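*Asks:* Sequence first, predicted coordinates after that:
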Amino acid sequence: MTKIIMYSVRPDEMAAIKDHAKREHLEILTTTDALSASTVDQANGFDGIVIQQRNRIDDDRVYQQLADMGLKQLTSRTAGVDMINVAAAHKAGLLVTNVPAYSPRSVAEHALMQIFRVLRKAPLVDAQVRENNYSWANLQAKEIHSATIGIIGAGRIGGTLAKLLHALGATILAYDVVEREALKPLVTYVDKQTLLAKSDVVSLHVDLNPTSEGLIAANDFSLMKPTAGIVNASRGPVINTNDLITPLENHQLAFAMLDTVTGEEKIFNADHRQDGLGSQPNIAKLHAMNNVIITPHIAFFTNIAVQNMVDISLNDVQDILAGRPTEHSVE
Ligand code: NAD
């Protein structure tokens, strides 16, 4: 029976892992430890290994150690592989794979929820009701089929969002460095400035690269309607956070819905009820505002996405061990 070790396993992944092991007749050992120089020995005696993006593998000798144990691959069940020194892994003869898209729909649905919350002024409603203010003043909403939604980065996730919005009758503008023929019946491609000026909600779905870091900064916010909102479920540094705070404070921008924000690594996926947000003053400022909703990078975190991360990564390991090609090798 093929034996696979999975590192950095969270409790919510266990059901999917057990299902896969049973279905495919695999022996799978799970550990909450991340792969590192001090935990690599646990992989001895296994045919395959699966890790995820938690912390950077701290010592490049780990790759050769895995190869010396007879392992042929290093499979991540996340899209990001920045925890792996891919060149060093290749040098040791390991094939590196990832799961580039585990569920574009998961993030698209989260963005759609946040778009609705902007159109319904949900942060304002919640803040007022919390203070026992049940008046209707300022709370008239906009129906989605009368709204214009701007998608910046219409790739896998942005394209999926476009399909959902199209089904709801929204007018959709898109800005992307690559225009996709398949989306042209659904969206109108425009330049970034036009999209920002015309949209009731702007949703960001670019990947993080040198051209998209700081893609939305002070000049860009100044083009947006004061009633508009911005949704970011892409990567924190796509927005210049300092430049976001001022228009939100001055109500030149109505709402920000942030699933990802610069500095989140120190805050998200942990309980800060005792120590607060002191280490990240910008996140603390945003958190204190009534027109901001922060979610802790959970847009992807759904039943389907977790199942896909587990199944796709384990299928890759099985393919590689059987000498079959995999579509997910990382160069
Ligand atoms: P993708 O590569 O399919 O799409 C990204 C699109 O952005 C591409 O069409 C690309 O041409 C475009 N783009 C890149 N740079 C640009 C620029 N400077 N200007 C305009 N367009 C630009 O990626 P995807 O799978 O759709 O993922 C999109 C983003 O979602 C990534 O940043 C990813 O990290 C993030 N993500 C977030 C979560 C979450 O839970 N919040 C989960 C998964 C992915």
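*Replies:* Arrived safely, thanks for sending.
*Asks:* Setting the sequence-adjacent residues aside, check what's closest to the one residue in the stretch 51-200 of the chain that gets nearest to the ligand.
*Replies:* Distances between the stretch 51-200 of the chain and the ligand by CB to the nearest ligand atom are smallest at residue 155, namely 1.9 Å. To be clear about C-beta, it is placed using only N, CA and C from the backbone, and glycine gets the same treatment. Among residues not flanking residue 155 along the chain, residue 205 sits closest, at 6.6 Å (CB to CB, 6 or more residues apart in numbering).
*Asks:* Find me the pLDDT at that neighbour, would you?
*Replies:* The model reports residue 205 with a pLDDT of 98.
*Asks:* Report the contact partners of it.
*Replies:* For residue 205, the contacting residues are 107, 111, 151-155, 157-158, 161, 233-234, by CB atoms under 8 Å, 6 or more residues apart in numbering.
*Asks:* can you pick the most crowded of the residues you listed?
*Replies:* Ranked by the number of neighbours (other CB atoms under 10 Å), those place residue 151 first, at 32 neighbours.
*Asks:* what helix or strand is that one on?
*Replies:* Assessed by DSSP states H and E, residue 151 sits inside strand 148-152.
*Asks:* gap between that strand and the chain center?
*Replies:* 18 Å (CA atoms, centre = their mean, to the nearest Å).
*Asks:* need the residues of the chain near the ligand, please.
*Replies:* With the criterion set to CB under 6 Å from any ligand atom, the chain comes near the ligand through 101, 104, 107, 153-158, 175-178, 205-209, 211-212, 215, 233-235, 259-260, 297, 299-300.
*Asks:* In helices only, show me the residues you listed.
*Replies:* Mapping the residues of the chain next to the ligand onto helices (DSSP state H) picks out 104, 107, 156-158.
*Asks:* Now those in JSON lines, please, with extra columns for pLDDT.
*Replies:* Output for those, formatted as JSON lines (pLDDT from 0 to 100):
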{"residue": "104", "pLDDT": "96"}
{"residue": "107", "pLDDT": "97"}
{"residue": "156", "pLDDT": "96"}
{"residue": "157", "pLDDT": "97"}
{"residue": "158", "pLDDT": "98"}
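*Asks:* just the residues you listed now: which is nearest residue 283?
*Replies:* Nearest to residue 283 out of those is residue 107 (CB to CB; 20.5 Å).
*Asks:* didn't the closest one look like it was pressed against residue 157?
*Replies:* Yes. Counting by CB atoms under 8 Å, residue 107 touches residue 157, with 4.7 Å between them.
*Asks:* Narrow the residues of the chain next to the ligand to those in strands?
*Replies:* Using DSSP state E, the subset of the residues of the chain next to the ligand located in strands is residue 175.
*Asks:* circling back: quick one: average pLDDT of the strand holding residue 151?
*Replies:* 99.
*Asks:* from here on, count from 457
*Replies:* I'll keep to 457 as the first residue from here, and by that count the last item is strand 604-608.
*Asks:* helices and strands around it, which ones?
*Replies:* helix 612-623, strand 627-631, helix 648-654, strand 657-660 (3 or more CB pairs under 8 Å, 6 or more residues apart in numbering; DSSP states H and E).
*Asks:* Nearest approach to residue 745 belongs to which of those?
*Replies:* Counting by CB to CB, and looking across all of the helices and strands packed on strand 604-608, nearest comes strand 657-660 at 17.4 Å.
*Asks:* Run the chain-centre distance for the closest one.
*Replies:* Distance of strand 657-660 from its chain centroid, counting by CA atoms, centre = their mean, is 15 Å.
*Asks:* Ok, stretch 690-709 next?
*Replies:* 19 Å.
*Asks:* In stretch 528-545, which residues are buried?
*Replies:* 528-534, 537, 539-542, 544-545 (16 or more other CB atoms under 10 Å).
*Asks:* quick revisit: surely the residue of the stretch 507-656 of the chain closest to the ligand and residue 632 touch.
*Replies:* Yes. Taking CB under 8 Å as the definition, residue 611 is a contact partner of residue 632 at 7.1 Å.
*Asks:* all helices of the stretch 457-606 of the chain, in order?
*Replies:* Secondary structure of the stretch 457-606 of the chain by DSSP state H, counting those that start in this stretch: the helices cover 470-480, 517-524, 542-547, 560-575, 578-586.
*Asks:* hey, C-alpha coordinates of the second one in CSV?
*Replies:* Output for helix 517-524, consisting of C-alpha atoms alone and laid out as CSV, is shown next (Å, rounded to 0.1, in the frame of the first residue of the first chain):
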residue,chain,number,x,y,z
ARG,A,517,19.4,20.6,3.0
VAL,A,518,15.9,19.3,3.6
TYR,A,519,15.4,18.7,-0.2
GLN,A,520,18.4,16.5,-0.5
GLN,A,521,17.4,14.7,2.7
LEU,A,522,14.0,13.9,1.2
ALA,A,523,15.7,12.7,-2.0
ASP,A,524,18.0,10.5,0.0
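*Asks:* I appreciate the help and will end here.
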